[in-house]
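[1] coordinates only, no sequence provided:
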């Protein structure tokens, strides 16, 4: 089991298992306040950004495009959500967000904020 300490300040989260990136685990993260950066790996991940300007990658670090079927929530703050590979659900939450679906059949849901004038990118 991988355990990550998530605080109400700015965090960078990349799952680790035995010293190597845990790229195929199904991860669940609920970040708190702060401007967080999350690289979830290749599993089917559920990530909530919480309060702050967050950057969330569902497919993993290093530009990987083969990811799982991820669920990403931006919640409050000006967030960047990137599903990468897989059939992802990206929910912008409040404020001004950028949603990038990537490959796969993605659903991009917009809430309050100026997401309509922002960028919505999907390669699937």
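    All right, it came through fine. Predicted model only: the values in this text are computed from it and were never measured.

[2] so residue 53 touches residue 77, yeah?
    Yes. Counting by C-beta atoms under 8 Å, residue 77 is a contact partner of residue 53 at 4.5 Å. To be clear about C-beta, it is placed using only N, CA and C from the backbone, and glycine gets the same treatment.

[3] looking at those two, which is more packed in?
    residue 77 (21 against 18; other C-beta atoms under 10 Å).

[4] look at the nearest residue to residue 70 once chain neighbours are set aside and report its pLDDT.
    Nearest residue to residue 70, sequence neighbours excluded (C-beta to C-beta, 6 or more residues apart in numbering): residue 58, at 3.1 Å. At residue 58, the pLDDT value in this model is 80.

[5] do the same with residue 91
    Looking at residue 91, its pLDDT is 90.

[6] residues in contact with it?
    71, 72, 73, 74, 81, 109, 111 (C-beta atoms under 8 Å, 6 or more residues apart in numbering).

[7] and stretch 46-61, which residues are buried?
    By neighbour count on 16 or more other C-beta atoms under 10 Å, the buried set for stretch 46-61 is 46-60.

[8] ok so, going back, which among the contacts of residue 91 count as buried?
    For the contacts of residue 91, buried by 16+ other C-beta under 10 Å: 71, 72, 73, 74, 81.

[9] identify the farthest-apart pair in those residues.
    71 and 74 (11.6 Å; C-beta to C-beta).

[10] returning to that earlier point: find the residues that touch each one of residue 53 and residue 77.
    Contact criterion C-beta under 8 Å, 6+ apart; residues shared by residue 53 and residue 77: residue 35.

[11] pLDDT weak spots in this structure?
    Within the chain, the segments meeting pLDDT under 70 span 1-24, 60-67, 112-124.

[12] burial measure for residue 44, as a count.
    19.

[13] next up, phi/psi of the residue nearest to residue 70, please.
    Dihedral pair for residue 58: phi -80, psi -30, per degrees, to the nearest 10.
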